[in-house]
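K.L.:
Need a 3D model of the following:
(chains A and B)
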Protein chains: 2
Amino acid sequence: MADIASTLPLEAASVQQVYDKIRSRVHRTPLLTSKTLDKLASSPRDGETGAPDFNIYFKCENYQRIGAFKARGAFSAVTHLIEVLGLDEALALAASEFGIPAHIVMPSISTPSKIAGTREYTNNVRFSGSTAQERESVVAEVIRETGAVLVPPYDHPDIMLGQGTAALEMLEQYVGEYGKRPDDLKIVLTPCGGGGLLSGTAVFFSDKPTLVVGSEPSYQGADDAMRGLSAKPPKRIETVKTLTIADGLRTPLGVLPFDLFTSDAKSIENVYTVTEDEIKMAMRLVLERMKVFVEPSAVVPLAVVLYNAEFRRWARKQQGGEAWDIAVVLSGGNTTIESIIGLYGTPEGQTA
Amino acid sequence: MADIASTLPLEAASVQQVYDKIRSRVHRTPLLTSKTLDKLASSPRDGETGAPDFNIYFKCENYQRIGAFKARGAFSAVTHLIEVLGLDEALALAASEFGIPAHIVMPSISTPSKIAGTREYTNNVRFSGSTAQERESVVAEVIRETGAVLVPPYDHPDIMLGQGTAALEMLEQYVGEYGKRPDDLKIVLTPCGGGGLLSGTAVFFSDKPTLVVGSEPSYQGADDAMRGLSAKPPKRIETVKTLTIADGLRTPLGVLPFDLFTSDAKSIENVYTVTEDEIKMAMRLVLERMKVFVEPSAVVPLAVVLYNAEFRRWARKQQGGEAWDIAVVLSGGNTTIESIIGLYGTPEGQTA
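P.N.:
Presented below is the predicted three-dimensional model:
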């Protein structure tokens, strides 16, 4: 990877520049709405004396190439790499889109579908333990053996700006397809694992009034971003060992996203967390009611909107009776029927 | 329902007239493509010495209102009813879209999700046995008791023309969104249960070169359309008792669709059938690869394209090496996680 100093600054305008470079390579994923989900989100839940009022826009990155928003960051990083190293794009295109041999290091506890999906694109898959330290040691080994250049999954400005293009595209569609004014979009919620998508979204909205909210599972300490950012003083939590069903969000918040969120207090509004059961309930609604096939990680923001009492109380108070347009990013759809059976199909008599 | 004589003729132009009336009430569902599915459909299967070459367009009626194409026929029939009876549309709109009390007769073996979904719109649900005779006797009872007017689920010109609007919209999108010439669309495949969707599609394409193909499950005699139409002379099969997983296709072919297909030999090209396992394989691909949530009935046409040896041989021969654009209608998405677990989740050691 090119030296970090050569990347674009973490500013809204940089997201547009990255988008101009990658837009021909990524899908323009649909921005959908659902009256059923709006109604559910805007009805009081058990224990609520009233409800906030939401019109939800769903940015469907499960329809992105490779089934997740990560194609954006990857194309951003690789495009930049080619620019810096001076490779001719046409030459790079000749072999399988870019023709750069890729070595992938992934935790051995990754879901079978993610492993299988990755292997469709490259044979060079290596496995590591699930902590950041264990992964980095295998990465170091691969670099030593092959001379490869590291493209980290989230902790790099090129990746963060690339993921931010989902937010840019979403706002374009909100205005162009739904005829809304950009400022009418009050909140955008994204999942938060390593923080690439959340920080890219925060950068894109940094010069706009729309608030950005992170969403995490709480299971087995997966809520490291919330805990680390709310500590006094804030302190990045470096190790997370969780088997949350939101398997895309098992990683700790990266250094650069953490720095961004702490150095610019306005970059994100807050991070909210949800339980495993709330993730399952939200996933069922997206599958059965919206007919959109998503993975558990993708619905964590919607679970916050539907079930997080603190978020809902805060929103209701801010709204003062007014209905809000809000957006959630459905980040990916890489799951399988077997995983769904594993999540919901516990036979009677067994423990869930 | 107004007298049948007052309906529009079963001609392509009538589909356009119906569409102009209902377009503000139905969703314009997306027309999607999938490189993964194209590749699978265009690769030789076991026992094939070569393969046909397909670019498949998926008309996603699972994103239609009520989760299925049937909203089209229903709006067509009710709109016509209001016109004939002279009700003022504005008055009708006042109570829940049209304000006409609806009595629904459905087989007691309907899936729980269909029953629950129907009950969301009306409390007047009555159950019958699963044969056409049993259903009709309950319908007669309801009419006797309430004075209601029958809107049959498929066996009526208004319904058939309404379902045909999915085909019209699809061709508009094929031309407008994909920049194709209408004549380049070689085949359209739809599921065939009662035959409303298939006959409406056939009527719409009756003045165009695109061929229309029906798709049925073969399980327990669900292939009644194929059997009845290929008998010499053709004879409509009146009773079907099947528990095919494609639960939307358990009904026998209706009288009017049968009459259309037999009186106009060119109305459909053929009807092909698939096994339960082929339906399950096709459904898995649409869920896991396309990320589109569909019910088993919806993927029967895709299963024909992927697995029916006779269809593939015929297409390959007709193509003579040329790639064909073809379309399949994903007719609906009304299923549940529990149904999916029932289909795929047989625990080890039990019989499937």
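
K.L.:
what distance separates the helix or strand containing residue A:259 from the centre of its chain?
P.N.:
Following DSSP states H and E, one finds residue A:259 within helix A:255-263. Its chain's C-alpha centre lies 16 Å from the corresponding centre of helix A:255-263 when counted by Cα atoms, centre = their mean, to the nearest Å.

K.L.:
got the buried residues for it?
P.N.:
Residues of helix A:255-263 classed as buried by neighbour count (16 or more other Cβ atoms under 10 Å in any protein chain shown): A:256, A:257, A:258, A:260, A:261. The way it works is simple: take the backbone N, C-alpha and C, and place the C-beta from them, glycine included.

K.L.:
Tell me which helix or strand comes right after it.
P.N.:
By DSSP H and E, the next helix or strand past helix A:255-263 is strand A:270-274.

K.L.:
Can you name the next helix or strand after that following strand?
P.N.:
Secondary structure here is assigned by DSSP H and E; on that basis, the next helix or strand after strand A:270-274 toward the C-terminus is helix A:276-288.

K.L.:
pLDDT of that following helix, averaged?
P.N.:
Within the predicted structure, the mean pLDDT of helix A:276-288 is 98.

K.L.:
Could I have the CA atoms of that helix written out in CSV?
P.N.:
Below are the C-alpha coordinates for helix A:276-288, written out as CSV (Å, rounded to 0.1, in the frame of the first residue of the first chain):
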residue,chain,number,x,y,z
GLU,A,276,-28.7,-10.9,19.9
ASP,A,277,-32.4,-11.4,20.1
GLU,A,278,-33.1,-7.9,18.9
ILE,A,279,-30.8,-8.6,15.9
LYS,A,280,-32.7,-11.8,15.1
MET,A,281,-36.1,-10.0,15.3
ALA,A,282,-34.9,-7.2,13.0
MET,A,283,-33.4,-9.7,10.6
ARG,A,284,-36.7,-11.6,10.5
LEU,A,285,-38.5,-8.4,9.6
VAL,A,286,-36.1,-7.5,6.8
LEU,A,287,-36.3,-11.0,5.3
GLU,A,288,-40.0,-11.7,5.7
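
K.L.:
can you tell me if that helix touches chain B.
P.N.:
Yes: using Cβ under 8 Å from any Cβ of the partner chain, helix A:276-288 reaches chain B at A:284, A:287, A:288.

K.L.:
just stretch A:23-36 next, same as before
P.N.:
Yes: Stretch A:23-36 lies within reach of chain B by Cβ under 8 Å from any Cβ, at residue A:30.

K.L.:
pull the CA atoms of that stretch into PDB?
P.N.:
Output for stretch A:23-36, consisting of C-alpha atoms alone and laid out as PDB, is shown next (Å, rounded to 0.1, in the frame of the first residue of the first chain):
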ATOM      1  CA  ARG A  23     -18.200   4.400  -9.500                       C
ATOM      2  CA  SER A  24     -17.800   2.500 -12.700                       C
ATOM      3  CA  ARG A  25     -16.700  -0.600 -10.700                       C
ATOM      4  CA  VAL A  26     -19.300  -0.700  -7.900                       C
ATOM      5  CA  HIS A  27     -23.000  -1.200  -8.100                       C
ATOM      6  CA  ARG A  28     -25.400   1.700  -7.400                       C
ATOM      7  CA  THR A  29     -27.300  -0.200  -4.800                       C
ATOM      8  CA  PRO A  30     -31.000   0.500  -4.300                       C
ATOM      9  CA  LEU A  31     -32.400   2.800  -1.600                       C
ATOM     10  CA  LEU A  32     -35.700   1.200  -0.500                       C
ATOM     11  CA  THR A  33     -38.500   2.100   1.900                       C
ATOM     12  CA  SER A  34     -41.000   0.000   3.700                       C
ATOM     13  CA  LYS A  35     -44.300   1.200   5.100                       C
ATOM     14  CA  THR A  36     -44.500  -1.900   7.300                       C
END
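
K.L.:
Name the residues of it that are buried.
P.N.:
Using 16+ other Cβ under 10 Å as the burial criterion, the residues of stretch A:23-36 that qualify are A:25, A:26, A:29, A:30, A:31, A:32, A:34.

K.L.:
which one of the residues you listed sits closest to residue A:144?
P.N.:
Top of the list for closeness to residue A:144, among these and by Cβ to Cβ, is residue A:25 at 30.7 Å.

K.L.:
three-state assignment of the closest one?
P.N.:
The assignment at residue A:25 comes out as coil when based on DSSP: H, G, I helix; E, B strand; the rest coil.

K.L.:
Just to check, it is in contact with residue A:75?
P.N.:
Yes: at 4.8 Å, residue A:25 and residue A:75 qualify as touching, with contact defined as Cβ atoms under 8 Å.

K.L.:
can you map out the strands along chain A?
P.N.:
All strands of chain A, identified by DSSP state E, fall at A:31-33, A:54-60, A:104-107, A:125-128, A:185-191, A:211-217, A:270-274, A:324-330.

K.L.:
Mind giving me the packing neighbours of the shortest one?
P.N.:
Meaning strand A:31-33. Using 3 or more Cβ pairs under 8 Å, 6 or more residues apart in numbering or on different chains; DSSP states H and E as the contact criterion, the elements in contact with strand A:31-33 are strand A:54-60, helix A:157-176.

K.L.:
Which strand residues bridge residue A:189?
P.N.:
Assessed by DSSP bridges, residue A:189 has beta-bridge partners residue A:213, residue A:328.

K.L.:
List the residues that contact it.
P.N.:
Applying Cβ atoms under 8 Å, 6 or more residues apart in numbering or on different chains, one finds that residue A:189 lies in contact with A:212, A:213, A:214, A:215, A:301, A:302, A:304, A:305, A:326, A:327, A:328, A:329.

K.L.:
what about 7 Å?
P.N.:
Neighbour list for residue A:189: A:213, A:215, A:301, A:304, A:305, A:326, A:328 [criterion: Cβ atoms under 7 Å, 6 or more residues apart in numbering or on different chains].

K.L.:
Specify which member of those is nearest to chain B.
P.N.:
Closest approach between these and chain B, by Cβ to the nearest Cβ: residue A:328, at 16.1 Å.

K.L.:
Quick check: which ranges of the stretch 151-300 of chain A have low pLDDT?
P.N.:
A:151-154 (pLDDT under 70).

K.L.:
could you redo the last one with a cut-off of 90?
P.N.:
Screening the stretch 151-300 of chain A residue by residue with the criterion pLDDT under 90, one finds the ranges A:151-156, A:158, A:265-266.

K.L.:
Show me which residues of it are close to chain B?
P.N.:
Along the stretch 151-300 of chain A, the residues adjacent to chain B under the rule Cβ under 7 Å from any Cβ of the partner chain are A:284, A:287, A:288, A:291, A:292, A:293.

K.L.:
How far does stretch A:227-242 sit from its chain's centre?
P.N.:
Shown here is stretch A:227-242, whose average C-alpha point lies 19 Å from the average C-alpha point of the whole chain (Cα atoms, centre = their mean).

K.L.:
separation between residue A:264 and residue B:53?
P.N.:
Between residue A:264 and residue B:53 the computed distance is 53 Å (Cβ to Cβ, to the nearest Å).

K.L.:
tally of neighbours for the residue of the stretch 51-200 of chain A found nearest chain B?
P.N.:
Residue nearest to chain B within the stretch 51-200 of chain A (Cβ to the nearest Cβ): residue A:62, separated by 4.7 Å. If you count neighbours by other Cβ atoms under 10 Å in any protein chain shown, residue A:62 ends up with 27.
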